[in-house]
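Trainee: Sharing a model prediction with you, sequence too.
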Amino acid sequence: MRKRSTRKFLPNKITAYGAALLFLLAAAFTGTAAGTIHVPFRDIAAILAHHIIGTGLDLDASVDNIVWKIRFPRVVLAGLIGASLAIAGAAFQGLLRNPLADPYTLGVSSGASVGAVLILFFHVSIPFLGGFTLPAASVIAAIFTIFGVLLFARAVERSMKLETIILTGIIFSSFLGSFISLMIALTGEELRQIINWLLGSVSMRGWPYVQLLLPFFVTGACMLMYMAPELNAMSFGEEKAKHLGVNVQRKKMLVLVAGSILTGAAVAVSGTIGFVGLVVPHLIRLLVGPDHRHLLPLSMIAGAGFLILADLTARTIISPTELPIGVITSLIGAPVFAVILLNKKQKGSVT
């Protein structure tokens with residue numbers, strides 16, 4: 001019986017990983033190829049091979065610049081942001097045992113936005129951090145926000161029901177949004193920069209932003225992947241996890257910190273992009289089940305592909321005008337959020 005179930009298990013997971021990787025690869029090539037000037041896949045492969053492994057290049061220098069200096073770094077950055085938000089959302093949903101939990105609904109994105117807007121507003125630059133001042137401030141603000149949400153939810157209801165945590169997150173998100181609006185109202189010439197940043201975009205960021213986000217992404221993603229077995233245990237409830245030998249409080253804090261690192265860094269380089277951490281993990285969980293050993297990496301891969309395609313839609317749907325990427329993700333995510341909420345209401349999970 002054990003051998004039979006193993007044979008049945010492996011092909012399903014292999015198929016899921018294969019499909020997710022193909023989706024990401026197709027999204028990356030399509031995002032790099034599409035634009036005012038169409039670049040064939042063959043030329044993209046040649047340019048990437050030239051820059052990555054040093055092969056000869058027999059193409060026009062302008063095409064090389066378009067692919068390597070403009071489009072491909074934009075695709076990579078969008079992929080890293082989508083992966084960060086999706087894996088953070090999957091971890092928050094597993095920890096809180098609620099498909100409505102994600103960095104956006106828990107207020108973490110808004111907290112990270114406040115940290116970033118303060119840096120932009122006051123033109124702060126910490127000497128020993130330099131260019132990392134903005135993501136560091138966003139990460140710290142995101143961590144303080146998630147712990148503030150949990151402390152307030154505990155004060156409201158000591159049992160900290162999941163619905164209370166979600167509602168507290170929405171309250172914090174609304175309050176922090178008002179705080180950002182206040183700073184915008186007091187802003188002079190920085191107004192356009194802050195508003196453009198808040199709407200969410202990966203336009204004209206380039207390789208420096210990829211290098212800025214990468215250390216935070218690797219740190220947060222590795223922390224969450226390492227804690228996948230503990231997330232599986234905690235998804236059955238804290239008491240059962242304790243009986244299984246999990247240090248629940250310590251692991252919970254680590255998951256929250258890792259998710260806040262990912263969210264804060266993503267928000268710092270791209271602005272507020274909502275619903276990626278809600279939609280992608282929920283769909284992946286429906287397809288492959290709740291095992292976080294597979295849910296986390298698959299959410300990360302699918303989230304990267306999803307945001308690459310969302311960015312492609314944002315810059316081509318009404319070309320040459322470019323929409324903020326946050327508009328596209330919200331147009332997709334808000335109806336999905338409503339459907340999830342209705343399903344939970346029908347099952348009696350939401351009061």
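Mentor: Cool, the structure landed.
Trainee: Pull up the gap between Ala33 and Lys252, please.
Mentor: The spacing between Ala33 and Lys252, counted by C-beta to C-beta, to the nearest Å, is 43 Å. All C-beta atoms are positioned from the backbone trio N, CA, C, and that covers glycine.
Trainee: let me redo that: Ala16
Mentor: Distance, Ala16 to Lys252, by C-beta to C-beta: 28 Å.
Trainee: Equivalent analysis for His123, please.
Mentor: His123 sits at a distance of 36 Å from Lys252 (criterion: C-beta to C-beta).
Trainee: who has more neighbours, the two?
Mentor: In this comparison of His123 against Lys252, neighbours counted by other C-beta atoms under 10 Å, the higher total goes to Lys252 at 20 against 7.
Trainee: Give the closest residue to the more buried one in space, chain neighbours not counted.
Mentor: Closest residue to Lys252 in three dimensions, ignoring its sequence neighbours and counting by C-beta to C-beta, 6 or more residues apart in numbering: Leu95, at 6.4 Å.
Trainee: Please verify my assumption that the one you found contacts Ala233.
Mentor: No: using C-beta atoms under 8 Å, Leu95 is not in contact with Ala233, being 11.0 Å away.
Trainee: helix or strand right after the worst-scoring helix or strand of the chain on mean pLDDT?
Mentor: Least confident element among the helices and strands of the chain, by mean pLDDT, DSSP states H and E: helix 191-198 (a mean of 74). Secondary structure here is assigned by DSSP states H and E; on that basis, the next helix or strand after helix 191-198 toward the C-terminus is helix 207-226.
Trainee: For that next one, name the packing helices and strands.
Mentor: Identification of packing neighbours for helix 207-226 by 3 or more C-beta pairs under 8 Å, 6 or more residues apart in numbering; DSSP states H and E yields helix 72-96, helix 133-156, helix 248-270, helix 292-316.
Trainee: which other helices and strands contact whichever helix or strand comes after it?
Mentor: Counting by DSSP H and E, the next helix or strand C-terminal to helix 207-226 is helix 228-234. With contacts defined as 3+ C-beta pairs under 8 Å, 6+ apart, the packing partners of helix 228-234 are helix 72-96, helix 238-243, helix 248-270, helix 292-316.
Trainee: Can you point out the buried residues in helix 228-234?
Mentor: By neighbour count on 16 or more other C-beta atoms under 10 Å, the buried set for helix 228-234 is 228, 230-234.
Trainee: Can you name the residues in contact with it?
Mentor: For helix 228-234, the surrounding residues in contact (C-beta atoms under 8 Å, 6 or more residues apart in numbering) are 91, 94-95, 97, 224, 240-241, 244, 246, 248, 251-252, 255, 290-293, 296.
Trainee: Averaged pLDDT, it. What do you get?
Mentor: Along helix 228-234, the predicted confidence averages to a pLDDT of 92.
Trainee: And the pLDDT at Met160?
Mentor: In the predicted model, Met160 carries a pLDDT score of 67.
Trainee: ditto for Pro40
Mentor: In the prediction, the pLDDT value recorded for Pro40 is 93.
Trainee: Would you confirm that it contacts Thr30?
Mentor: No: Pro40 is beyond contact range of Thr30, at 11.8 Å (criterion: C-beta under 8 Å).
Trainee: Between these two, point out the one with more neighbours.
Mentor: Neighbours were counted for Pro40 and for Thr30 using other C-beta under 10 Å; Thr30 has more, 16 against 11.
Trainee: what's around the closest residue to the more buried one other than its chain neighbours, how many residues?
Mentor: If you skip the residues right next to it in sequence, Thr30 has Leu312 as its closest partner in space, 6.5 Å away by C-beta to C-beta, 6+ apart. Neighbourhood size, Leu312 [other C-beta under 10 Å]: 23.
Trainee: quick one: Leu312 from Ala34, how far?
Mentor: Going from Leu312 to Ala34 by C-beta to C-beta gives 6 Å.
Trainee: swap in Ala153?
Mentor: According to C-beta to C-beta, Ala153 stands 44 Å off from Ala34.
Trainee: Which residue of the two possesses the greater neighbour count?
Mentor: Neighbour tally, Ala153 and Ala34, criterion other C-beta under 10 Å: the higher count belongs to Ala153, 23 against 16.
Trainee: Please look at that one and Ile171 and confirm they touch.
Mentor: No: assessed by C-beta under 8 Å, Ala153 is found out of contact with Ile171, at 9.6 Å.
Trainee: where does the stretch 101-250 of the chain dip in pLDDT?
Mentor: The model of the stretch 101-250 of the chain has pLDDT under 70 over residues 159-160, 162, 188-190.
Trainee: Listing request: residues of the stretch 251-351 of the chain with sub-threshold pLDDT.
Mentor: Per-residue confidence for the stretch 251-351 of the chain (pLDDT under 70) gives these ranges: 344-351.
Trainee: circling back to that earlier point, let me know the pLDDT of the residue nearest to Lys252.
Mentor: 88.
Trainee: count of neighbours near it?
Mentor: Around Leu95 there are 21 other residues, counting by other C-beta under 10 Å.
Trainee: same check, this time on Asn196
Mentor: Using other C-beta under 10 Å, Asn196 has 13 neighbouring residues.
Trainee: For it, give me its contacts.
Mentor: Taking C-beta under 8 Å, 6+ apart as the contact definition, Asn196 lies against 271, 324.
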